[in-house]
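> okay, here's the prediction I keep looking at, along with the sequence it came from:
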Amino acid sequence: MRVALFVACFNDALFPGTGRAVTALLERLGHEVVFPADQTCCGQMHWTTGYHREAAGLARGFTEAFGGGDVIVTPSASCAATVRHAYPRIAEAAGDPGLADTARDLAVYELAEFLVDVLGVTDVGASFPHRVAYHPTCHSLRSLALGDRPLRLLRQVKGLELVELPAAGECCGFGGSFAMKNADVSVAMVADKVRHIRETSADVVCAVDNSCLAHIGGALSRLRGGVRVAHLAEILAGTEAT
Amino acid sequence: MTPSFERSSAGTTPSSQGPGAAAGPARDRAPKFSAAARTALADTRQRANLAAATAALRARRAAATAEADDWERLREAGRAIKDLTLLNLDAYLEELEGAVTAAGGTVHWAADAAEAGRIITRLVRDTGETEVLKVRSAVAQEIGLDEALRRAGIVPRDTGLAELIVGLEPGDRPSHMLYPAMHRNRAQVRELFARELPGAPADLPDDPEILAETARARLRERMLPAKVAICGANFLVAETGTAVLVESEGNGRMCLTLPDTLITVAGLEKTVPTWADLEVFLQLLPRAAAGERMTAATSTWTGVTPGDGPSAFHLVLVDNGRTSALADEAGRAALRCIRCSACLDVCPVYERTGGHPYGPVHPGPIGAVLTPLTRGVESAADASLPYASTLCGACADVCPVKIDIPDLLVRLRGRVVESRRRRPVPTPELAMMRTLAWTLGDRRRYEVALRRGTRWARLLSRGGRIRRLPGLLGRWTDARDVPAPPAQSFRAWWESRPGRPGGRR
């Protein structure tokens, strides 16, 4: 299958390893990956912060960049949720029914969703000999309803010990602009998330959104927490050879 | 399809002329949510009280909703009934007025908070009394009823346990819709009663039953001689003109039956068409609100009955911004709210800040919607409320009438930004977000910015992380590191791949 990779601007700049991992994984599974170079940002940040006119412009840009008809895969649950659930609202707010129609035709999948639902695989031949706690991010849990798909993928990874994260479904406190506008509450929330992570004695915290992981990882790093963060794609891309 | 939220509301409810701005607590000098939250977060005892109370409520609610086989169908029915009622509210309100009048009651219409206050103070004055009993009511708080009564020389006497607790400590206020004293634990209540309640022994134990009994004795003294009572209503049944109050203490029922004059004050949106509709909500509310199958006291009253209960019944129906909120889809969705408070108890923000930072009337996620919806977003405090959420969605999952609170918050954020665009000088955030959108709007501009930004960020980093960012970004690095961006972006790596299979299109 030919897959158009939407890497997400955030990953492009800060977490290019995640994009490389998605590429390696999908190619290992025998699929062709293309990277539409006109892609920038889906407009999530502008939409959720209230800049709805600007979000509409970015959404139009996204539909143009990904108008080729390929299946779109992204290692960002919140960006997938934006295209799937927010674009119709962005189009409505902008009075642009054309945008809503174009957006409806886009087949965008978060990575775990694509692997389990579209490709029908849970064992991707990965090896990752570490103790891992999985944090279900809010968009993956409540907006995309990924359920246990990421866990089913992780359970098939050779050498990986999956530990249960207490209060896993509680938000880490990132929330996009919330992390800046309400920094104190945001930090109070991540403090509890970090406490739960450390209770598990995990070496690695895994999630399907690097934005949330930047928040959790940023707090762990400041505290010298001794736990690192890794996107699901990076774990699934790992093999015994790597 | 209704027009967009921002455009349909533009010019209809700016807070400078909005109905809610006419009276009620002043918000112009009120702190923004973030500032008030900082104070609340520092209160470690309150943090512990809230964490324990919300955790207990979450567990109780989860159990009570799990055992109801048709819970999801009940939620859907609740949503549908409210939507249909709100779409045809004018007709149901006429039916309600006719039925209340036929049953011997009198209906009064209050366009805003000030008018509601005037009507109620006049009704009390007409009885010649200078004291009134009150049962907690969100709308009474919304219209600033206590202040209006006091200005008219009338003393309001609260009858709930939580109101007694909150009222004993100067400067304290309710922090939750159902449990206004949730931020206090029993040790604090014991200390407060021993110190402030006349007749309470100094060795009062912190046993909840004994504390409640002590309060009850005190509250009964207030209730027995009362001639006038003011209460809210959870529902108003249009077909019979019946008001419904759901409560756990029974103080409401005493207030409904003892006085000669009963004044019920309620928002227009409390109307339900029929008793069959009411049945749905009497199943939804107790489970969603308190994790109970049924609430201890559910009272219904219809007009007056000679020789039984009050001889005069007044129903004051309050608009105060509701009609204009009903003009669009988002406003109608918000007004489905039945004030169960489930969204407060599951909210990770509320759990840590409590209700006070949300302002004086509506706490929690739904408060962050209702306050700016009815008051507008001109003041910094009101405008900060839609941003008091991570949009995590836990609230939408539990709402018994399926209000998509995160969606409404995002729409209200749009309203905030639109109002700031109309200001002569752009805010720094507006300028930054515009520049960012311009940069992201074109691949070439984005790539230049990506390269420059990466170089700049790598200069700030040490040992692979950035410990301090300048300006507004410093709010992030106050407590969190930022990983140094790798020298090679993803797209730079892609360009460098040998052969670039399927690369540039």
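Good, I have the coordinates. Numbering: from 1, shown residues only, chains lettered A, B, ... in the order given.

> residue 128: neighbour count?
Picked chain A for this. A count of nearby residues for A:F128, using other C-beta atoms under 10 Å in any protein chain shown, gives 22. Heads up, the C-betas are built off the backbone N, CA and C, glycines and all.

> actually it's chain B I care about, not the one you picked
8.

> could I get the full set of strands for chain B?
Under the criterion DSSP state E, chain B contains strands at B:106-110, B:131-134, B:155-158, B:228-231, B:235-237, B:242-247, B:261-267, B:271-272, B:297-302, B:312-318, B:465-466, B:482-483.

> export those strands to TSV and tack on mean neighbour count?
Compiled in TSV, those are given as follows (neighbours: other C-beta atoms under 10 Å in any protein chain shown):
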stretch	mean neighbour count
strand B:106-110	18
strand B:131-134	23
strand B:155-158	17
strand B:228-231	26
strand B:235-237	24
strand B:242-247	23
strand B:261-267	24
strand B:271-272	25
strand B:297-302	18
strand B:312-318	23
strand B:465-466	20
strand B:482-483	20
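
> dump the ones you listed to TSV, plus distance to B:L84 and mean pLDDT.
Conversion of the strands of chain B to TSV gives the following (distance: least, C-beta to C-beta, whole Å; pLDDT from 0 to 100):
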stretch	distance to B:L84	mean pLDDT
strand B:106-110	22	98
strand B:131-134	32	95
strand B:155-158	35	93
strand B:228-231	27	96
strand B:235-237	15	98
strand B:242-247	19	96
strand B:261-267	18	98
strand B:271-272	10	98
strand B:297-302	22	95
strand B:312-318	19	98
strand B:465-466	54	96
strand B:482-483	50	96
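
> now tabulate the ones you listed in JSON lines and tack on distance to chain A.
Formatted as JSON lines, those follow (distance: least, C-beta to the nearest C-beta, whole Å):
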{"stretch": "strand B:106-110", "distance to chain A": "32"}
{"stretch": "strand B:131-134", "distance to chain A": "33"}
{"stretch": "strand B:155-158", "distance to chain A": "30"}
{"stretch": "strand B:228-231", "distance to chain A": "35"}
{"stretch": "strand B:235-237", "distance to chain A": "30"}
{"stretch": "strand B:242-247", "distance to chain A": "29"}
{"stretch": "strand B:261-267", "distance to chain A": "27"}
{"stretch": "strand B:271-272", "distance to chain A": "29"}
{"stretch": "strand B:297-302", "distance to chain A": "33"}
{"stretch": "strand B:312-318", "distance to chain A": "29"}
{"stretch": "strand B:465-466", "distance to chain A": "6"}
{"stretch": "strand B:482-483", "distance to chain A": "6"}
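
> so what touches stretch B:86-100?
With C-beta atoms under 8 Å, 6 or more residues apart in numbering or on different chains as the test, stretch B:86-100 has contacts from B:85, B:106-107, B:236-242, B:268-269, B:271, B:273, B:302-303, B:313, B:315, B:317, B:326, B:332, B:335-336.

> for the closest residue to B:R216 other than its chain neighbours, give its distance to chain A.
Counting by C-beta to C-beta, 6 or more residues apart in numbering or on different chains, B:L161 is the residue found nearest to B:R216 once chain neighbours are left out, at 7.7 Å. Look at B:L161 and chain A: by C-beta to the nearest C-beta, to the nearest Å, they are 29 Å apart.

> ok, and the closest non-adjacent residue to the residue minimising distance to the centre of chain A?
Nearest residue to the geometric centre of chain A (C-alpha atoms, centre = their mean): A:S76, 2.3 Å. Nearest residue to A:S76, sequence neighbours excluded (C-beta to C-beta, 6+ apart): A:A8, at 4.2 Å.

> CA atoms only for stretch A:42-60, dumped as CSV, please.
Written as CSV, here are the backbone C-alpha positions of stretch A:42-60 (Å, rounded to 0.1, in the frame of the first residue of the first chain):
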residue,chain,number,x,y,z
CYS,A,42,-2.7,20.9,10.5
GLY,A,43,-3.9,24.0,12.4
GLN,A,44,-4.7,22.3,15.7
MET,A,45,-3.0,24.8,17.8
HIS,A,46,-4.7,27.8,16.1
TRP,A,47,-8.1,26.1,16.3
THR,A,48,-7.9,25.1,20.0
THR,A,49,-6.5,28.4,21.0
GLY,A,50,-9.4,30.2,19.3
TYR,A,51,-7.7,31.5,16.1
HIS,A,52,-10.3,30.0,13.9
ARG,A,53,-9.7,32.1,10.8
GLU,A,54,-6.0,31.1,10.8
ALA,A,55,-6.9,27.5,11.5
ALA,A,56,-9.1,27.5,8.4
GLY,A,57,-6.2,28.7,6.3
LEU,A,58,-3.9,25.9,7.6
ALA,A,59,-6.7,23.3,7.1
ARG,A,60,-7.0,24.4,3.5
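
> got a list of contacts for that stretch?
Identification of contacts with stretch A:42-60 by C-beta under 8 Å, 6+ apart yields A:6, A:8, A:40-41, A:62, A:78-79, A:82-83, A:86-87, A:89-91, A:93-94, A:96, A:99, A:103, A:176-177, B:6, B:386, B:391, B:410, B:412-417, B:433-434, B:436-437, B:440-441.

> okay, and which of those residues map to helices?
Judged by DSSP state H, the contacts of stretch A:42-60 include A:62, A:78-79, A:87, A:89-91, A:93-94, A:99, A:103, B:6, B:410, B:412-417, B:433-434, B:436-437, B:440 as members of helices.
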